[in-house]
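**Student:** my questions concern the predicted model and sequence given below.
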Amino acid sequence: MSLPVEVVEPDGLGAVATVGVFAQGGPGDDTPALLRGAADVAGLPDALDPALCARDGFRAKVGQVLRLPGDISHRVLVLGLGPSGPPREDAWRRAAAAFVRAAGEGGDAALVVPEGAPGSALAEGAALAAYRFDAYRTKPSPGSPDRVLLVASPSAAAELRPAVARGLAAAEAVSFARDLVNTPASDLNPTDFATRVAEYLDGRPGVGVEVWDESRIEAERLGGLRTVARGSVQPPRVVRATYTPTGDRGSVPHVVLVGKGITFDSGGLSLKTADGMMTMKTDMTGAAIVMAVVSACGALEVPVKVTALAMVTENMPGPDAVKPGDVFRARNGSTIEVLNTDAEGRLVLADGLSLAAELEPDAIIDVATLTGAQVVALGRSIGALFGSDQRLKDRLQEVGDAAGEPLWQMPLPEEYADHIDSEIADMKNMGRAGEAGSIAAAMLLSRFVGESPWAHLDIAGPSRVAEPSGYLSKGGTAFGARTLLEFLRTGATADPA
């Protein structure tokens, strides 16, 4: 169950176990300054003690926490927001997460909110920091507060409540995606994935969902998906979810999201190492993200028509597995020579992007844990952003920065097009050894998007973390989900609504 986050005014606060207040660092070595806001809670000091800050090394860095001594009925935690000046949106999110982690288990925890603080970021940070995946534990992980109360003045409270509701809706969607990603592969084969998603989306406002079985997949000529699925005893699935805004909105933009859904990736006959397979239950992160995004569109009153396509299969080395050197025909008629069966994500996405292009939408965005080369280039905190439309890329990068999901724009140089030239087919599924691997993958995808503006998010690095930090819990992160939700909520335009 997600962490309740509620907005209260000071006179409705009641008894709390922990109170948090924000601070920002001063110039030079000055003692950080408290941000009190119009709301107040008994027991908060007028200023921080310089000696205490110096002793504990507290400089109000984002995510830093200082516990104040005292004999009042509740603990007081001071939360860093970074240097003086308007804090970045993600600083509020990370500070709220730090508060939840430091507040401990049980009881109510109250966060004193200054005027102008973004309620959606505070709610997201608090709720996501409380996320736990305990489905397989006999003893649950250490818990969080029973409830987080955002204490605000009457005028600020009225504005905070709808923003908090948006943040909680986004956090719920992210938590659903994380649950899917963290589930062991034998308990989440393609059929299981489709069933869980269909059940989760059922009854949500404006949302429809259909599942394509192997017969429909064959009828739709999805050669890439069928080729990758050949080595597994588990049949592939396509989950097609749609969201239509309610009310008379006239003509609205249409965005198609496509997610890579390899529920387990052994590498096929180009077998991965044992270590390389350990986290491959997470190779369906893109599919989980696009389905989670659709689930929250109604709650966020997204003013955009959305179609989401999850291309779901296992990649296994079974008796009928695709062999290096085989050639198949994708949905759009193009032929691809498969030289590395572990470069399978681009094959299933080729079909998904072909389906997307046929809808002639205003934008196509695909999300995938696609290449190890992305990790080499950008590490595990920044996603790679490719695309055909500069305004679309700029807007996604802007929204990603605000969401704390940074994206770095990568090139698609035409002089690299011959990296995927095949001797016997229209293209091959790998580039030159040791060169521009993420670019070669994106170059292949670009041949299936038609004329629609297109963006590709390669999130192989930031899709999971090895240790909890801030609002990220160990395991799947669902990196990119909140970026896409905010992009859609603001109208999927080059400029925010």
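**Tutor:** Done, it's in.

**Student:** spell out, range by range, the helices that occur in the stretch 1-150 of the chain.
**Tutor:** Assigned by DSSP state H, counting those that start in this stretch, the stretch 1-150 of the chain shows helices spanning 50-56, 89-103, 119-129.

**Student:** what residues sit buried inside the shortest one?
**Tutor:** This means helix 50-56. Neighbour-count burial for helix 50-56 flags residue 53 (criterion: 16 or more other C-beta atoms under 10 Å). C-beta: built from backbone N, CA, C; applies to glycine.

**Student:** helices along the stretch 151-300 of the chain, start to end?
**Tutor:** 154-182, 190-201, 214-219, 223-229, 274-277, 285-297.

**Student:** do the stretch 301-450 of the chain as well
**Tutor:** Going by DSSP H, counting those that start in this stretch, the stretch 301-450 of the chain shows helices at 345-358, 372-378, 390-403, 437-445.

**Student:** return the most buried member of these.
**Tutor:** Each of these was scored by mean neighbour count; the highest is helix 345-358, a mean of 26, by mean count of other C-beta atoms under 10 Å.

**Student:** who are the packing partners of it?
**Tutor:** The criterion is 3 or more C-beta pairs under 8 Å, 6 or more residues apart in numbering; DSSP states H and E, and the helices and strands that helix 345-358 contacts are helix 223-229, strand 254-265, strand 305-315, strand 335-338, strand 363-368, helix 437-445.

**Student:** nearest to residue 31, of these?
**Tutor:** Nearest to residue 31, of all the helices and strands packed on helix 345-358, is strand 363-368, at 43.9 Å by C-beta to C-beta.

**Student:** residue contacts, residue 8?
**Tutor:** Applying C-beta atoms under 8 Å, 6 or more residues apart in numbering, we find residue 8 in contact with 110, 149-152, 157.

**Student:** go on, residue 19?
**Tutor:** 41, 43-44, 74-77, 109-112.

**Student:** what about 10 Å?
**Tutor:** 13, 41-44, 68, 72-78, 99, 103, 108-112, 149, 151 (C-beta atoms under 10 Å, 6 or more residues apart in numbering).

**Student:** out of the residues you listed, which are buried?
**Tutor:** Of those, these count as buried by 16+ other C-beta under 10 Å: 13, 41, 44, 68, 74-78, 99, 103, 108-112, 149, 151.

**Student:** packing partners of the worst-scoring helix or strand of the chain on mean pLDDT?
**Tutor:** Within the chain, judged by mean pLDDT, DSSP states H and E, the helix or strand with the poorest mean is strand 33-35; its value is a mean of 91. The elements that strand 33-35 packs onto, with contact taken as 3 or more C-beta pairs under 10 Å, 6 or more residues apart in numbering; DSSP states H and E, are strand 18-25, strand 75-83.

**Student:** ok, which of the ones you listed comes nearest residue 119?
**Tutor:** Comparing the helices and strands packed on strand 33-35 by C-beta to C-beta, strand 18-25 comes nearest, at 13.7 Å.

**Student:** give me the mean pLDDT for stretch 302-309.
**Tutor:** Across stretch 302-309, pLDDT averages out at 97.

**Student:** then stretch 338-353?
**Tutor:** For stretch 338-353, the per-residue pLDDT averages 98.

**Student:** show me what contacts residue 306?
**Tutor:** So, once contact is read as C-beta under 10 Å, 6+ apart, residue 306 ends up touching 206-207, 241-245, 252-257, 290, 293-294, 297, 361, 484, 488, 492.

**Student:** repeat for residue 414
**Tutor:** residue 443.

**Student:** most neighbours per residue, which of the helices of the stretch 151-300 of the chain?
**Tutor:** helix 285-297 (a mean of 31).

**Student:** returning to that earlier point: turn the helices and strands packed on helix 345-358 into CSV, columns for distance to residue 23.
**Tutor:** Converted to CSV, the helices and strands packed on helix 345-358 look like this (distance: least, C-beta to C-beta, whole Å):
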stretch, distance to residue 23
helix 223-229, 52
strand 254-265, 39
strand 305-315, 40
strand 335-338, 56
strand 363-368, 36
helix 437-445, 40
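
**Student:** of all those, which lies closest to residue 426?
**Tutor:** That would be strand 335-338 among these, by C-beta to C-beta, at 4.7 Å.

**Student:** helices or strands up against the closest one?
**Tutor:** Using 3+ C-beta pairs under 10 Å, 6+ apart: strand 335-338 touches helix 223-229, strand 326-329, helix 345-358, strand 427-428.

**Student:** about what we covered before: and the contacts of residue 8, which of them are in strands?
**Tutor:** 110, 149-151 (DSSP state E).
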